[in-house]
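Trainee: Sequence and predicted structure, then a few things I'm wondering about:
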Amino acid sequence: MVKRTFVCMLLLGIASVGWAATSLGQFGYVPRCRHDQNTAQEDRDRRAQALTVAKAINAAQAAAVQETQQYQPLAGLGNLPPVPGGFELHLYADRSGYLFAVKDTLDPCRFAVFSGVGGLLYEQSALDAPVIAQ
């Protein structure tokens, strides 16, 4: 009986260590993501503003390609809404296409809105957020 109890306790201990390792992440803690189910109103507002910027970029690129037959760099897109505080915009364009990302630099999970030719918007956080920002 003692041996059975010991084995059960040992298995329970091993299982809990495995659970703790997977739930705590690679570096020993789970970062508090700013764009998850517990998002603060301020971050929801910033996210909505980032989506507005992304939609405006897609609309501006669609208009530019109809007018000039090529996609434009950021400077050629005219008046866009401001990028929300804490976000950064990266846009790459050439004659045949464009790709951009609006990334939240304040989010340890690296949330971003991104799109390109075709105009579909995507939003996601990195799968494995680093502890130290690069």
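Mentor: Arrived safely. Numbering: from 1, shown residues only.

Trainee: For the rest of this, base every contact and every neighbour count on C-alpha atoms.
Mentor: Noted.

Trainee: what does the average pLDDT come to for the lengthiest helix in the chain?
Mentor: Longest helix in the chain, counting residues (DSSP state H): helix 41-68. Mean per-residue pLDDT for helix 41-68: 95.

Trainee: what about the chain, any weak spots by pLDDT?
Mentor: By pLDDT under 70, the weakly predicted segments of the chain are 1-31, 127-134.

Trainee: Domain-wise, how is it divided?
Mentor: What automatic domain parsing lists as the domains of the chain is 1-30, 34-124.

Trainee: Would you mind finding the most buried of those?
Mentor: Comparing the domains of the chain by mean neighbour count (mean count of other Cα atoms under 10 Å), domain 34-124 ranks first with a mean of 17.

Trainee: Over to residue 83. Which of the three states is it?
Mentor: Of the three states, residue 83 takes coil under DSSP: H, G, I helix; E, B strand; the rest coil.

Trainee: contacting residues for it?
Mentor: The contact partners of residue 83, taken as Cα atoms under 8 Å, 6 or more residues apart in numbering, are 49, 50, 53, 89.

Trainee: at 7 Å what do you get?
Mentor: The neighbourhood of residue 83, defined by Cα atoms under 7 Å, 6 or more residues apart in numbering, consists of 50, 53.

Trainee: Over to the one 5 residues further on?
Mentor: Going by Cα under 7 Å, 6+ apart, residue 88 touches 102, 103, 104, 105.

Trainee: now with 10 Å?
Mentor: For residue 88, the contact set (Cα atoms under 10 Å, 6 or more residues apart in numbering) comprises 50, 101, 102, 103, 104, 105, 112.

Trainee: gap between it and residue 62?
Mentor: Residue 88 sits 22 Å away from residue 62, going by Cα to Cα, to the nearest Å.

Trainee: again with residue 101
Mentor: Distance from residue 101 to residue 62, by Cα to Cα: 17 Å.

Trainee: how about the strands of this protein, start to end?
Mentor: Under the criterion DSSP state E, the chain carries strands at the ranges 87-94, 97-104, 112-116, 122-124.
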